[in-house]
Every structure is written in structure tokens, then in C-alpha cells.
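Engineer: sequence and predicted structure are below.
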Amino acid sequence: MIRLDNIKIYQDLDGGEVIRRALRKARIRPKDVTAARIVKKSIDARDKGDVHYVYALDVAVADEAKYPKLKRVAVREAERFDCRRAKDAPPVVIVGAGPAGLFCALTLAEYGYRPVLIEQGARVEERQSIVDEYRTRAKINTRCNVQFGEGGAGTFSDGKLTTGIKSPYIKGVLEAFCRFGAPEEITYLAHPHIGTDNLVTILKNMRAHIESLGGRYFFDTKFVGFEETGDAAAPIRVRCEGKDGEGLCFDTDAVVLAIGHSARDTFGMLLEKGAAMRRKSFSVGVRMEHLQRTIDEAQYGTETTLRLPPAEYKLVYHGKERSCYSFCMCPGGEVIASASEPGRIVTNGMSRFARDGENANAALLVNVNSEDFPGAPEEDPLAGMRFQDDLEQAAFRLGGGNGFAPVQRSEDFLAGRPSERIGRVKPTYLPGYTLTDLGGILPGFVAETLREAIPYFDRKIKGYGDPDAILTGVETRSSSPVTILRGEDLMSSIPGLYPCGEGPGYAGGITSAAVDGIKVARQIIETEKGDQR
């Protein structure tokens, strides 16, 4: 392919016109072109007087020798296996229907395996009403909530697909989302997102496809344990509990643990069973809300006539002792209640595809290390999990013990005083909020680092330090507090168990979790191929 880079466009154009202009600029004759596609679209707003789009395209021509001076790129495709699962083989059992579990199941199903997906939460179309009930009435369902259910925690965020990893599987992940209903633009936008509203349809379509290939879903079904069977063909018996307490078992030779970062009881059970684990660094902090127009003006200026999307930001501050960074920025979004147990307050951010809400929000997080917990790391691998839980319970009490979140104006937080009023920025958290002093519950090193970071970020983005900006506590589940160790064969210390995705510590977002699901699926296939030789 010929790569056309740095195509500057100063108008809002459709893809076809962008391609035509790029070909003219590169002096490629349209009749020579056999294929052309946009591979990247970004916004260059470094100079507020010269805001424009920047595109990159891949173009195939019938005779590349005609264009010797143009840049060539090799198009990497994921390797295709030549393997089919025996019809009488036991099913692979996948615990968790988040992106890691779903893409593991999709990969296995398309190779002739008939995976069984165990998900303690509900189908995505039922899950929405359960989440809404929690957000409006503070009535939590411990099995189905923002953390648990079809699609995983990312379903009720923004559907962000940005990732820092490098993998040949990323392209396949984005194309699969498109195949099941996502807009094509996610394959080339610099910061792609699907939106919570689109994910519902995409997940239903993915489920229908997996089921058409012989896969089976078991919703409202909780993974509670496993044991050895003594059967060489299916040595593991997976024990589950249905919605009404009924028992259900599956015999298998492979269990994929795509359990998510909030599966606290499962972490405990696996530790008791002897799975090797260790503490993992993570981050905690708050959600910070600004008016979206404040962020737009800071990022784009006020002169452009382009129809630009709501502006985003990504910020990092390296402090005296800790670092602080923005995470999961949701333009035009809202802060949502995300606890998975009663008596806790957990925040997250959400945007719909249009990102047309009045506020922008992002997590503002400070790193937490394993040394911050009592005891030696090898003595208590779950100490970080308890650290998170203690902070969430403190936030619940500070909010009034009724499901309301504790909030504070930025000016008051920096001054170390409780807030007594709301200004221009209105909190979006439901079911409600309580004005208070977040410094009363945040660990000292977290509060101190946040107070250093906010003025620093204001120098990077004008208006970030708006006195009326809102801090909502607490954000604790940006990543897993543990790593379930696995070897080069991607298996845990317990044979046949494959830790997978964000919960066991091998991913950090939708795309990287999906990629890890594919990696684990392919490893299971490779292992079977080796056993058959």
C-alpha cells in the first residue's frame, strides 16, 4: 500500500471527498487506484489560529512503479490458524462477558469451538434498567450493575477504544466492532469511541453471532468455585450458582478467568484455591467536572468554523512524591454511580456517542503502590483491594449514608474547607450529592498531590482551575489491585485456568482487554494443536 500522510483539511468533508483531495495532492490518477481508505483522522489545534483536520490514507494502485517516490507501508494481518475443535471435545468455559471474555469467545467460536460464557450479570438490554434503578433510587443489585453484566464495566463509560499497546490484533478488534454495528470511523479516528448507547446493539449482535456458531451464554449465573474431576479429557469442574440459588456445573479442560477488576469475592476464592497472586499498583482519586464549553475554548480557541467534536484532554503531573493524571475523559458526559456492593460510593464517567452533555468529566488519579499497605506484599496479595474498599465505604459515609456522593468545589478543595454552595458547574452524579470536604477521607498523599496538580493543569488548559469545577468522590477502580500470575503458556499456577483481561492485571481498557482475550483464545488453540501432534 502507498501511505499518504499529513493531509491537511480545513473543511468538514465526507470521506469520499477527503480521498479525492488526497489523491490530487499526491498526484495519483484516480484510474490507477484499486482501493483507498482513511486510516487516521485527528485534529491539530496546537495553533488556535490554524485549527484543521489531519488525515492519513492507504492507497492501492495497479502499478506502484508509476509512483516510486511515494511512501510504502506493509499491511500486517493477524495470522490465521488451521485448526478446528473436535465435536466431542468439552467446551471452553469463559467466566465474564466483558471485552476480554467476549473476544475470547468470538475467536474460539469462529474456530469451531463452542464456548460457554458464564456471566453473573444480566443481558445488556436488561442491564440498562437495573443500572438506572441504582442511579435513581440507590438500590443496588450486587450481581448486575455498572461493573458486572454483559459488556463489562466499559459498557457504561464511553466505549473508549484508545490504547497504548501495540498489537496486530487491534485492527481486528476495531473491525469486529464495525461488523456488529459500530460506525466505521472508529477504525481511523485518533481517539475512537463507540458510546454507551451504541454498545447495546453491538453486544446483542455479537451475542447472536457467537450463539449461531454454537456458543452458549449463561446470564445471572455466578462462578463460585471449581474442583478436579479425575477425567483426563475434562479435568476441571466449574461450579456456578444461578439467579435463584440453583447449582450448575460444567466439565472442561480450559477455564478463562475474564472476571473484571471488581470481582473481589472471586479474587478471594482463587487465592484460597492456591492461585499465585501479587499486589499490583493502581490509582485512586476523584472525578472532576467542568463545563464542556470551557474545555472546547481552551483546546480549540474561539475562531474556528469547523464542526469539531467536543474537546478532550489528557494530562499528567509529576509531583514531589507522586504522579497525578487524568483518566477516562468523557466529553459531554456525566459522572455515574458505579459501586458493586452496598454501602460504597464508586464513581466513573459516561458519555453517549453524541457526547452532547453540558459537562466534561475525567478521573483525576494519584498512583498507589503496594508499599502503601501494611504488611509484606507476599503476605497479603489482596491488601490493595481492601484499601479500595475502605475508601469507598468512607465516601459512602461522607455522602450521608444514603447513596449520595460527596462533592466539593475546586476552589474549596484547594483551600481545604467544606463547600457550602454550587456554582456554574452542576454535579451530574445521581441519585444525588452532598456538599462536603473530600480532604477528610482521601489519603494524605492523594489529597496533597491533587492540590499540586490542579493549578499545574490550569497552566496547561486555561479554565481547568475554574473555582466552580466539581470534584466528586471517589474513583477507585481504574484498574485491578491484583495480578493473577500466569506463565508463558498464559496459564495460572493452577493448570487449565487462564487469567485474562483487566481483572487479573493484563489489560487496561476495552481494546487491550479484547486483545488479551484473543491472545488467550489463540493460546488455547495452540495448546490443543500441540497435544494432538
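Structural biologist: Perfect, thanks for sending it.
Engineer: got the residue ranges for the strands in the stretch 401-533 of the chain?
Structural biologist: Listed in chain order, the strands of the stretch 401-533 of the chain (DSSP state E, counting those that start in this stretch) span 405-409, 433-435, 470-475, 482-484, 497-499.
Engineer: could you do the stretch 51-200 of the chain as well?
Structural biologist: Counting by DSSP E, counting those that start in this stretch, the strands of the stretch 51-200 of the chain are 52-61, 93-95, 116-118.
Engineer: what's the most buried one of those strands?
Structural biologist: By mean neighbour count, with neighbours taken as mean count of other CB atoms under 10 Å, strand 93-95 ranks first of the strands of the stretch 51-200 of the chain at a mean of 28. (C-beta placed from N, C-alpha, C; glycine too.)
Engineer: partner strands of that strand, with direction?
Structural biologist: Partners of strand 93-95 in the sheet, by DSSP bridges, are strand 116-118 (parallel), strand 255-257 (parallel).
Engineer: follow-up on the earlier one: identify whichever of the strands of the stretch 51-200 of the chain lies nearest to residue 281.
Structural biologist: Of all those, strand 93-95 sits nearest to residue 281, with 24.7 Å by CB to CB.
Engineer: same question for the closest one, mean pLDDT?
Structural biologist: Regarding strand 93-95, the rounded mean pLDDT is 98.
Engineer: not counting it itself, show me its contacts.
Structural biologist: Strand 93-95 is contacted by residues 101, 104-105, 115-118, 223, 236, 238, 250, 252, 254-259, 266 when judged by CB atoms under 8 Å, 6 or more residues apart in numbering.
Engineer: can you check stretch 58-71 too?
Structural biologist: 1-5, 22-23, 26, 28, 32-37, 39, 72-73, 75.
Engineer: and those, which of them are in helices?
Structural biologist: Residues of the contacts of stretch 58-71 located in helices (DSSP state H): 22, 23, 26.
Engineer: now, among these, which is nearest to residue 169?
Structural biologist: Within the ones in helices among the contacts of stretch 58-71, proximity to residue 169 (CB to CB) peaks at residue 22, which comes in at 27.7 Å.
Engineer: and the angle from the strand ranked longest in the chain to strand 405-409?
Structural biologist: Looking across the chain with DSSP state E, the single longest strand is strand 323-337. Counting by axes from the mean of the first three to the mean of the last three CA atoms, to 10 degrees, strand 323-337 lies at 130 degrees to strand 405-409.
Engineer: and strand 323-337, how far out from the chain middle?
Structural biologist: 12 Å (CA atoms, centre = their mean, to the nearest Å).
Engineer: circling back: buried subset of the contacts of stretch 58-71 as a PyMOL selection?
Structural biologist: The PyMOL selection below is limited to those of the contacts of stretch 58-71 classed as buried (16 or more other CB atoms under 10 Å):
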select buried, resi 1+2+4+22+23+26+28+36+39
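Engineer: which elements pack onto whatever helix or strand comes next after the longest strand of the chain?
Structural biologist: Of the helices and strands lying after strand 323-337 in sequence (DSSP states H and E), the nearest is strand 347-350. Identification of packing neighbours for strand 347-350 by 3 or more CB pairs under 8 Å, 6 or more residues apart in numbering; DSSP states H and E yields strand 282-291, strand 323-337, strand 359-368, strand 470-475.
Engineer: go again with 6 Å.
Structural biologist: strand 323-337 (3 or more CB pairs under 6 Å, 6 or more residues apart in numbering; DSSP states H and E).
Engineer: what residues sit buried inside the strand it packs on?
Structural biologist: Those would be 324-337, for strand 323-337 by 16+ other CB under 10 Å.
Engineer: ditto for stretch 154-168
Structural biologist: In stretch 154-168, counting by 16+ other CB under 10 Å, buried: 154, 155, 156, 157, 158, 159, 160, 161, 162, 163, 167.
Engineer: touching, the third one and residue 145? I think so.
Structural biologist: No. Under the criterion of CB atoms under 6 Å, residue 156 is not in contact with residue 145, lying 8.9 Å apart.
Engineer: okay, and the beta partners of residue 360?
Structural biologist: Counting by DSSP bridges, residue 360 forms beta bridges with residue 290.
Engineer: tally up the residues packed near it, please.
Structural biologist: Neighbourhood size, residue 360 [other CB atoms under 10 Å]: 28.
Engineer: now do residue 353
Structural biologist: Neighbours around residue 353, by other CB under 10 Å: 16.
Engineer: so what's it up against?
Structural biologist: By CB atoms under 6 Å, 6 or more residues apart in numbering, the contact list for residue 353 reads 195, 197, 198.
Engineer: repeat that for 8 Å
Structural biologist: So residue 353 contacts 159, 183, 193, 194, 195, 196, 197, 198 (CB under 8 Å, 6+ apart).
Engineer: report pLDDT for the closest residue to residue 91 other than its chain neighbours.
Structural biologist: Nearest-residue entry for residue 91: residue 116, 4.6 Å, with adjacent residues in sequence omitted and distances by CB to CB, 6 or more residues apart in numbering. Per-residue pLDDT puts residue 116 at 98.
Engineer: show me what residue 116 is bridged to.
Structural biologist: residue 93, residue 216.
Engineer: touching, it and residue 214? I think so.
Structural biologist: No. Contact criterion CB atoms under 8 Å: residue 116 and residue 214 do not qualify, at 10.1 Å.
Engineer: who touches both of those two?
Structural biologist: In contact with both residue 116 and residue 214: no residue, using CB under 8 Å, 6+ apart.
Engineer: where do the helices of this protein begin and end?
Structural biologist: 15-26, 99-110, 124-137, 170-179, 196-212, 264-273, 292-300, 383-398, 410-415, 444-460, 510-532.
Engineer: so which bits of the last one are buried?
Structural biologist: Pointing back at helix 510-532 there. Applying 16+ other CB under 10 Å to helix 510-532 flags 510-525, 527-528 as buried.
Engineer: stretch 192-199: end-to-end distance?
Structural biologist: 13 Å (CA to CA, to the nearest Å).
Engineer: and that stretch, how far out from the chain middle?
Structural biologist: Worked out by CA atoms, centre = their mean, stretch 192-199 lies 11 Å from the chain centre.
Engineer: got the buried residues for that stretch?
Structural biologist: For stretch 192-199, by 16+ other CB under 10 Å, it's 192, 193, 194, 195, 196, 198, 199.
Engineer: next one: stretch 311-324
Structural biologist: 311, 312, 313, 315, 317, 319, 322, 324.
Engineer: out of these, which sit inside strands?
Structural biologist: Using DSSP E, these in strands are 317, 324.
Engineer: redo the buried residues of stretch 311-324 as TSV? Include pLDDT.
Structural biologist: Below are those laid out as TSV (pLDDT from 0 to 100):
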residue	pLDDT
311	96
312	95
313	96
315	98
317	98
319	91
322	94
324	98
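Engineer: farthest pair in the buried residues of stretch 311-324?
Structural biologist: Pairwise over those, using CB to CB, the maximum falls at 311 and 322, 27.0 Å.
Engineer: low-confidence regions, this structure specifically.
Structural biologist: The chain contains residues with pLDDT under 70 at 76-87, 529-533.
Engineer: switch to 50 and redo it
Structural biologist: 533 (pLDDT under 50).
Engineer: just the buried residues of stretch 359-378, please?
Structural biologist: Within stretch 359-378, judged by 16+ other CB under 10 Å, the buried ones are 359, 360, 361, 362, 363, 364, 365, 366, 367, 368, 370, 373.
Engineer: tell me the one among the residues you listed nearest to residue 290.
Structural biologist: residue 360 (5.2 Å).
Engineer: hang on, the earlier thing: redo the strands of the stretch 51-200 of the chain as CSV? Include distance to residue 484.
Structural biologist: Shown next, in CSV, are the strands of the stretch 51-200 of the chain (distance: least, CB to CB, whole Å):
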stretch, distance to residue 484
strand 52-61, 38
strand 93-95, 12
strand 116-118, 17
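Engineer: tell me which of these lies nearest to residue 479.
Structural biologist: strand 93-95 (19.0 Å).
Engineer: just how off-centre is the closest one within its chain?
Structural biologist: 20 Å.
Engineer: and stretch 456-468, by the same measure?
Structural biologist: For stretch 456-468, the distance to the chain centre is 26 Å (CA atoms, centre = their mean).
Engineer: what about it, start to end distance?
Structural biologist: Using CA to CA, the two ends of stretch 456-468 sit 17 Å apart.
Engineer: I appreciate the help and will end here.
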